[in-house]
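Peer 1: no sequence on this one, just coordinates:
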Ligand SMILES: Nc1nc2c(ncn2[C@@H]2O[C@H](COP(=O)(O)O)[C@@H](O)[C@H]2O)c(=O)[nH]1
Ligand SMILES: [Mg+2]
């Protein structure tokens, strides 16, 4: 006759812990009902109940847990359907579908309450080019465009900086370490031009209204669907956070409650004139925990959100999840805006991003992933 005992939610038969829930459930129903429970391992209050009542409680508890796990498994049945859709899309490259499917299963099982989205802004939530293939603006680029109209000499300085440093940023030969001093020089010089000109908050808001920043198709719906399901959105940008805020206010009417920013912020004086930039400087190659203030106000909101969806367009975006304390998966979705002939660059994106989107002007993939997570809870 086997000796059966329960400790909390664990079941022991002859001292050995039973792992499988199904067999546990079956065994509990059959075994506990007629075998004397070893009271040596049972908490004293159990001794007041008859074995049959304990058996029924144990079976019910295991059944509930087993049911919950079966429900969790059912939820993840949607994952193969999404993977099938990925495979059918021309613009999607998924180098390791098995690993992506495993991450998606964990995210679906965890649900919206365990999920956080960390996204770059320039050329990730915003479009890289318009339908004619013309390059659209970054948040810094708002000054390139507008200052040229008001003060051509100063405007040319912004444009010269971009023409000099943008090729360095995306140079396939220089290492990130070799690029960093150039990035610091670019960001520092352009921020100094803005502060020295003492642009007012109103002027900058007008610049945004007249800028060539364009949301990716579906970006408004994506951001609002995250807010509707209480999924935090952390916009981690080496651009200018104020520009992103003004852009969201102008496009969405208000900044959704769930949306938070880690970015370079223009500081204004009492006359609302630009007087400084926030520290530390955030450039393309330091988008990681080293620039996150430890007591960031919204950290309490993302605490416990173990599953991360990371959206980026550059190699500098792949470590934006570093610093979020957790043990869940990060699903990295990368927008590739480069040339299809540049096979080395494309291969590099496939190595660092789980899903690579080729010249994709939409948020469709990210929306499908979030919809799947939301639909199963
Ligand atoms: N036109 C300019 N673009 C700039 C300048 N400084 C930086 N940048 C670009 O911004 C993005 C970073 O933003 P992120 O949201 O994508 O992290 C970076 O890729 C640079 O190309 C500037 O002075 N002018
Ligand atoms: Mg970007």
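Peer 2: Looks like it arrived, so ask away. Since this is a predicted model, take the numbers as computed values, not measurements. Numbering: from 1, shown residues only. Ligands and ions are numbered 1, 2, ... in the order given.
Peer 1: who in the stretch 51-200 of the chain is up against ligand 1?
Peer 2: 120-123, 138, 140-141, 144, 161-162, 166, 169, 186-187, 190 (Cβ under 6 Å from any ligand atom). No exception for glycine: its C-beta is placed from N, CA and C like everyone else's.
Peer 1: could you report the neighbour count for the residue lying closest to residue 197 once chain neighbours are set aside?
Peer 2: Once flanking residues are discounted, residue 197 sits nearest to residue 154: 6.6 Å by Cβ to Cβ, 6 or more residues apart in numbering. Counted by other Cβ atoms under 10 Å, the residues lying close to residue 154 total 15.
Peer 1: again with residue 251
Peer 2: Using other Cβ under 10 Å: residue 251 sits among 14 other residues.
Peer 1: where does pLDDT dip in this structure?
Peer 2: The model of the chain has pLDDT under 70 over residues 1-52, 54, 66, 69-76, 294-297, 323-325, 377.
Peer 1: any idea how it splits into domains?
Peer 2: Domain assignment for the chain by the TED database gives 75-129+214-375, 140-209.
Peer 1: just the residues of the stretch 51-200 of the chain next to ligand 1 that are near ligand 2?
Peer 2: When contact is defined as Cβ under 5 Å from the ion, these meet ligand 2 at 120, 122-123.
Peer 1: can you put the residues you listed in CSV and add neighbour count?
Peer 2: Listed next are those as CSV, based on neighbours: other Cβ atoms under 10 Å:
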residue, neighbour count
120, 25
122, 24
123, 21
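Peer 1: closest one to residue 304 out of the residues you listed, please.
Peer 2: Nearest to residue 304 among those, counting by Cβ to Cβ, is residue 120 at 23.4 Å.
Peer 1: quick one, what contacts that closest one?
Peer 2: 235-237, 287, 311-314, 317, 320 (Cβ atoms under 8 Å, 6 or more residues apart in numbering).
Peer 1: what ranges do the strands span in the stretch 251-377 of the chain?
Peer 2: In the stretch 251-377 of the chain, the strands defined using DSSP state E, counting those that start in this stretch lie at 259-264, 266-268, 274-277, 307-312, 330-336, 355-358.
Peer 1: which one of the ones you listed lies nearest to ligand 2?
Peer 2: For ligand 2, the closest of the strands of the stretch 251-377 of the chain is strand 307-312, at 6.6 Å, according to Cβ to the ion.
Peer 1: so residue 257 sits against residue 227, correct?
Peer 2: Yes. In terms of Cβ atoms under 8 Å, residue 257 counts as a neighbour of residue 227; the distance is 6.3 Å.
Peer 1: can you give me the helices in the stretch 201-350 of the chain?
Peer 2: When assigned using DSSP state H, counting those that start in this stretch, the helices of the stretch 201-350 of the chain occupy the ranges 201-209, 219-228, 241-252, 299-302, 343-352.
Peer 1: closest to residue 57 out of the ones you listed?
Peer 2: In terms of Cβ to Cβ, the element of those nearest to residue 57 is helix 299-302, at 37.3 Å.
Peer 1: got the phi/psi numbers for the residue in the stretch 1-150 of the chain positioned nearest to ligand 2?
Peer 2: Relative to ligand 2, the nearest point of the stretch 1-150 of the chain is residue 122 (3.8 Å; Cβ to the ion). Note on residue 122: backbone dihedrals following degrees, to the nearest 10 are phi -60, psi 120.
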